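Sequence and predicted structure, then a few things I'm wondering about:
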Amino acid sequence: AQKVTQAQTEISVVEKEDVTLDCVYETRDTTYYLFWYKQPPSGELVFLIRRNSFDEQNEISGRYSWNFQKSTSSFNFTITASQVVDSAVYFCALRPDPGANSKLTFGKGITLSVRP
Amino acid sequence: KAGVTQTPRYLIKTRGQQVTLSCSPISGHRSVSWYQQTPGQGLQFLFEYFSETQRNKGNFPGRFSGRQFSNSRSEMNVSTLELGDSALYLCASSVTGRETQYFGPGTRLLVL
């Protein structure tokens, strides 16, 4: 069974602060994909990043960076110099690979509020 | 490229009625998945269609059904609506189902 845990439910920061969103997952699959999505008040889930289980290289993309550690089953996401527009609900998701199973298992989400 | 579109965006129904929601995937995407989002249960997978066939199904009652057309557009139907069916229904598409899924804006269903 797949499970994604986002222990933080709400985070509030002041603009320009850095913020890290935590994600811990459980899976018996040896290969899988991990995702972060953002959901602004409009409701649409916006894709942010994707990582496959055999690539633990951590990267930075603009203000976003992520830390994938297979040994601790964690896939944390950091926003540097947060902005008010970053206010949204952030979801971590897991999908098995390979095979024809596209089902995403989501965490409960973290509500991020960035105050001016 | 146009994104995933869903219609209608908002819907109000009464208990016992049925409803049909529509999803048009990104051009070239043949896999369409549906998710239900509620405050209590979060985001839950309903089903996935690929090449007009249901390929995967979540744990929802038979009142929830779907189909996919030859142009990859998909519809989901909920019969005999219950109050608990009030939710945001999100559709996502990908090329074959193995790639990143891109989501539409969702349909907000309110059952009274």
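Looks like it arrived, so ask away. Numbering: from 1, shown residues only, chains lettered A, B, ... in the order given.

Going along the chain, name the strands of the chain.
You didn't say which chain, so I picked chain A. With DSSP state E, the ranges of strands along chain A come out as A:3-5, A:10-14, A:19-21, A:24-26, A:31-39, A:46-52, A:60-61, A:64-69, A:74-79, A:88-97, A:105-106, A:110-115.

Can you look at chain B instead?
Using DSSP E, strands in chain B cover B:5-7, B:10-13, B:19-24, B:31-38, B:42-50, B:53-57, B:64-68, B:74-78, B:87-94, B:102-103, B:107-111.

Need the contact partners of the helix or strand of chain A with the lowest mean pLDDT.
Of the helices and strands making up chain A, the lowest-confidence element is strand A:60-61, at a mean of 76, by mean pLDDT, DSSP states H and E. Contact with strand A:60-61 is made by A:Ile49, as judged by CB atoms under 8 Å, 6 or more residues apart in numbering or on different chains. For every residue, glycine as well, the C-beta is placed using N, CA and C.

List the strands paired with that strand, with their directions.
strand A:64-69 (antiparallel) (DSSP bridges).

any weak-confidence spans in chain B?
Counting by pLDDT under 70, chain B contains no low-confidence segment.

Quick check: residues of it near chain A?
B:31, B:33, B:35, B:42-43, B:45, B:48, B:50, B:55-56, B:58, B:88, B:90, B:92, B:94, B:97-98, B:100-106, B:108 (CB under 8 Å from any CB of the partner chain).

Only the buried residues of stretch B:83-93, if you could.
B:Asp85, B:Ser86, B:Ala87, B:Leu88, B:Tyr89, B:Leu90, B:Cys91, B:Ala92, B:Ser93 (16 or more other CB atoms under 10 Å in any protein chain shown).

about what we covered before: of the residues of chain B next to chain A, which qualify as buried by neighbour count?
B:31, B:33, B:35, B:42-43, B:45, B:48, B:50, B:55-56, B:88, B:90, B:92, B:94, B:97-98, B:101-106, B:108.

where does chain A come near chain B, residue by residue?
A:35, A:37, A:42-47, A:50, A:91, A:97-98, A:100-109.

Buried among those? Make that a PyMOL selection.
Of the residues of chain A next to chain B, the buried ones go into a single PyMOL selection, burial set by 16+ other CB under 10 Å:
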select buried, chain A and resi 35+37+43+44+45+50+91+101+102+103+104+105+106+107+108+109
